[in-house]
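> Please find the sequence and the predicted model below.
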Amino acid sequence: MNITRYQRQNGFTLIELIVVITIVSILAALALPRFAALQTDARMAKMNGALGTIKAAAVLAHSIQLTQQLGAGTSVVMEGSTIVMANGYPTSDLASIGHAAGFTTSAGVALPDYVPVATSATVFTVTPDAAHSACTVTYTVPAAAGSAPTYSNAGVTAANC
């Protein structure tokens with residue numbers, strides 16, 4: 001039996017372990033801020049999607065009113081629910097634009113995932129949740145028949161969301 005003087009040991013040396021831990025730490029330090037910003041980016045995308053939903057609902061209600069040759073203040077029926085109209089577009093009520101856009105029930109009760117609010121007689125606002133009340137999109141009913149509603153996502157910023 002021939003025994004060699006030096007037997008090869010398996011495993012990592014302390015230096016190799018320290019180098020690996022250092023590399024992993026540097027990668028984590030670089031990646032962590034990017035992952036933290038993902039929630040803000042996701043919330044901003046959610047609110048821009050909500051604005052798109054509001055625009056689509058308002059235009060759909062307006063087109064129903066036009067195709068049925070109804071007056072600018074005549075309510076329309078969308079999927080079995082009555083949507084109250086003003087100046088050719090849905091009013092700012094939760095049961096009107098809120099329901100047409102899918103944020104509330106036909107009775108105006110808020111559904112999960114958003115916080116819809118009729119902030120005035122002509123303005124409808126949506127926020128992603130109660131903790132981010134400045135991250136908003138708004139819909140404003142047109143002031144006169146024949147004009148278009150106003151939409152805003154000015155509140156959808158990294159600082160607000």
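In hand now; what should we look at? Numbers count the residues shown, from 1 in each chain.
> And G98, how far from T13?
65 Å (C-beta to C-beta, to the nearest Å). In this view, the C-beta of every residue, glycine as well, is placed from N, C-alpha and C.
> Tell me which of these two has more neighbours.
Remark: of G98 and T13, G98 carries more neighbours, 30 against 9, as counted by other C-beta atoms under 10 Å.
> Now the closest residue to that one other than its chain neighbours, what are its backbone angles?
Counting by C-beta to C-beta, 6 or more residues apart in numbering, G98 lies nearest to T104, which is 3.9 Å off, once chain neighbours are set aside. Its backbone dihedrals place T104 at phi -140, psi 170, with angles given as degrees, to the nearest 10.
> now the most centrally placed residue in the chain: how far from A148?
The centre of the chain sits closest to K46, judged by C-alpha atoms, centre = their mean, with a distance of 2.0 Å. Between K46 and A148 the computed distance is 25 Å (C-beta to C-beta).
> what do you get for L30?
46 Å.
> neighbour-wise, which of those two wins?
A148 (12 against 9).
> Now tell me what touches stretch 96-104 from outside.
50, 53-54, 56-58, 60-61, 78, 81, 83-85, 89-91, 94-95, 105-106, 108, 110-111, 114, 116, 118, 124, 126, 139 (C-beta atoms under 8 Å, 6 or more residues apart in numbering).
> Any chance of a ChimeraX selection covering the buried ones in the residues you listed?
The buried residues among the contacts of stretch 96-104 can be selected in ChimeraX (16 or more other C-beta atoms under 10 Å) with this line:
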select :50,53,54,57,58,60,61,78,83,84,85,89,90,91,94,95,106,114,116,118,124,126,139
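> Which of the contacts of stretch 96-104 fall within strands?
Per DSSP state E, strands hold the following members of the contacts of stretch 96-104: M78, S81, I83, M85, Y89, P90, P116, A118, F124, V126, Y139.
> mind checking pLDDT for N2?
If you check N2, the pLDDT there is 55.
> Test my guess that G108 contacts D93.
Yes. Using C-beta atoms under 8 Å, G108 is in contact with D93, at 6.6 Å.
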